[in-house]
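Undergrad: build me a model:
(one chain, ligands or ions: 1)
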Amino acid sequence: MQPLVDAVVRRLVHLLSSADDRAPPVSDGASPERIEAAFEAAGVPLPLRPDEPAHAPEALDAAVGAVLAHSVRTLHPRFFNQNFAGPDAVAVLGDWLGAALNTTAATYEAAPVGTLMERAVCARLAALAGWDAHDGLFLAGGSLSNLHAMHLARHRVAPDAVQRGNPPGGLAAFTSAEAHYSVGKAMALMGLGRRALHVVPCDARGRMLPDALEAAIHDARRAGQRPFFVNATAGTTVLGAFDPLDALADICRYHDLWLHVDGCFGASALFSPRERHRMAGVERADSLAWNLHKMMGVTQQCSALLVRHPGLLRAAFAGGADYLFQPDKPHAALDSGDLTFQCARRVDALKAWLTWKAHGDAGFAARVEHAVDLAERTAARIEADARFVLAAPPSWVNVCFWWVPADLRPLDRAARGVDVRLHGLAPRIKARLLREGTAMLGHQPVQGGPNAWRLLFINPAVTDDDVTATLDAIDVAGRALPHPA
Ligand SMILES: Cc1ncc(COP(=O)(O)O)c(C=O)c1O
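TA: As a prediction, the model looks like this:
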């Protein structure tokens, strides 16, 4: 297999070193049939058949070529589609290292270095959040971090639940209308039911309204439910809004509720002395989910869960598998595997540690500030451009906007049929952008309105010229639609 290893490593090095290259398409928009044909041509058909033969290294290298040719180039400076992008090259190295070592972060004996790095990274993240004491670990994504936090909150009010199931009467949780969909899923998985999740309205920027939270808590109590958990979002997925953490912490303290901050997207503001004010109040939270695989370009997944109550993770999760967590082995107290639902766990802290050490605090701050500056400049120029209308003022690194066909300018959304037309435009334009590979960005309804475009500034290689090229590509594609679009 050595020739294959050499060939594929060469391809990967080439991929990483071409991160600034704007010539290749962001995506080649290939159909499933074209992708299958590419693997046929490589001599390694995509389906796995009964009696699958072993393929030669040259053919497998050609198949890897097909993988690269038809995968989305998320490192392309015109990939704005999601709140991850452009992997940091050092993080990729950390990921390769972790994969090559192929161990589990569950025990110190299997991952001595990874365990110490996890502790080091979590300690520094907790310090940035302003916490003195904490437990922390890396989980397989922010959704799982949010689920863990909810489990802890329930354990605080109903420690019997791990043995007997949910208490009678029902527990109530609260989150904003702009929160991530994993919160509803967590309610379902915990057996609490999605209906016990009270969805609190937001202001025009997408921030949870504290008075509305207060009212929802009273409503839940009147309905006989026991409130136990508030999920605040720092950096909402669509608008990038930061809920007012201090005001929410006041409410949680008054009502004795667990405050979880889903900072998967926005907690990285804490890396920047200039931007950290957005997170004011996080020092009072009970738990914090923080994805370094979003803003910080660490490869997926790299999601830290921090808990301000040492010992609670163990109390809520420990299964005590005696084949793994023998109490009498050296350094048993450092085993983290019983602090989580996961058994095998990637040593994600390794790539986080390596990336942080490579860039330092100043490099991390610069990455965040570059993205915020670019988002603000983009919003300002969209406001000044008759072809576009901002759907909401930017709160973070998200810029949501509509492309407006010439016959609808200036945009009057109150006019009959306008929202319906706007709503239908983005998917049609996006289909063309994907075919051409010029740029990749997402769209979604914004606060109940029609589909709006969403530019997400994550990749530090993105320039103002990339923004110009992307806005122009939307305009050209929109004008090419049959009239009236
Ligand atoms: C605000 C927020 N929370 C949680 C998540 C879920 O994180 P993950 O994709 O790592 O499960 C996301 C993902 O985009 C998010 O935007």
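Undergrad: burial measure for the residue in the stretch 301-450 of the chain positioned nearest to the ligand, as a count.
TA: Residue of the stretch 301-450 of the chain nearest the ligand, by C-beta to the nearest ligand atom: residue 303 (5.1 Å). For every residue, glycine as well, the C-beta is placed using N, CA and C. By other C-beta atoms under 10 Å, the residues close to residue 303 number 25.
Undergrad: who's it bridged to?
TA: When assigned by DSSP bridges, residue 303 has beta-bridge partners residue 139, residue 291.
Undergrad: for the stretch 101-250 of the chain, what are the low-confidence residue spans?
TA: For the stretch 101-250 of the chain, no stretch has pLDDT under 70.
Undergrad: return the residues of it in contact with the ligand.
TA: Neighbours of the ligand within the stretch 101-250 of the chain, by C-beta under 6 Å from any ligand atom: 141, 142, 143, 180, 182, 233, 235, 236, 237.
Undergrad: in space, what's closest to the second one - neighbours in sequence excluded?
TA: Looking back up the chat, that one is residue 142. Among residues not flanking residue 142 along the chain, residue 264 sits closest, at 3.5 Å (C-beta to C-beta, 6 or more residues apart in numbering).
Undergrad: the closest residue to the ligand within the stretch 251-400 of the chain: how many residues sit nearby?
TA: Distances between the stretch 251-400 of the chain and the ligand by C-beta to the nearest ligand atom are smallest at residue 264, namely 3.6 Å. Counted by other C-beta under 10 Å, the residues lying close to residue 264 total 29.
Undergrad: likewise for residue 458?
TA: The local packing of residue 458 (other C-beta under 10 Å) involves 23 other residues.
Undergrad: for my notes, confirm it occurs in a helix.
TA: No: counting by DSSP: H, G, I helix; E, B strand; the rest coil, residue 458 is not found in a helix; it is coil.
Undergrad: that one contacts residue 88, correct?
TA: No: checked against C-beta atoms under 8 Å, the pair residue 458 and residue 88 is beyond contact range at 10.7 Å.
Undergrad: for those two, list the residues in contact with both.
TA: Shared contacts of residue 458 and residue 88 (C-beta atoms under 8 Å, 6 or more residues apart in numbering): residue 297.
Undergrad: burial of the closest residue to the ligand within the stretch 101-250 of the chain, as a residue count?
TA: Nearest residue of the stretch 101-250 of the chain to the ligand (C-beta to the nearest ligand atom) works out as residue 142 at 2.7 Å. Applying other C-beta under 10 Å, we find 24 residues neighbouring residue 142.
Undergrad: now it: how far from residue 367?
TA: 19 Å (C-beta to C-beta, to the nearest Å).
Undergrad: same check, this time on residue 395
TA: Distance from residue 395 to residue 367, by C-beta to C-beta: 18 Å.
Undergrad: so for the host helix or strand of residue 259, mean pLDDT?
TA: Using DSSP states H and E, residue 259 sits in strand 258-262. Mean per-residue pLDDT for strand 258-262: 99.
Undergrad: partners of that strand in the sheet?
TA: Next to strand 258-262 in the sheet, as set by DSSP bridges, lie strand 226-233 (parallel), strand 287-291 (parallel).
Undergrad: does the shortest one reach the ligand?
TA: Yes: remark: strand 287-291 sits within contact range of the ligand at residue 291, by C-beta under 6 Å from any ligand atom.
Undergrad: other residues contacting that strand?
TA: Outside strand 287-291, the residues that touch it by C-beta under 8 Å, 6+ apart are 125, 129, 141-142, 145-146, 148-149, 152-153, 258-265, 267-268, 282, 301-308.
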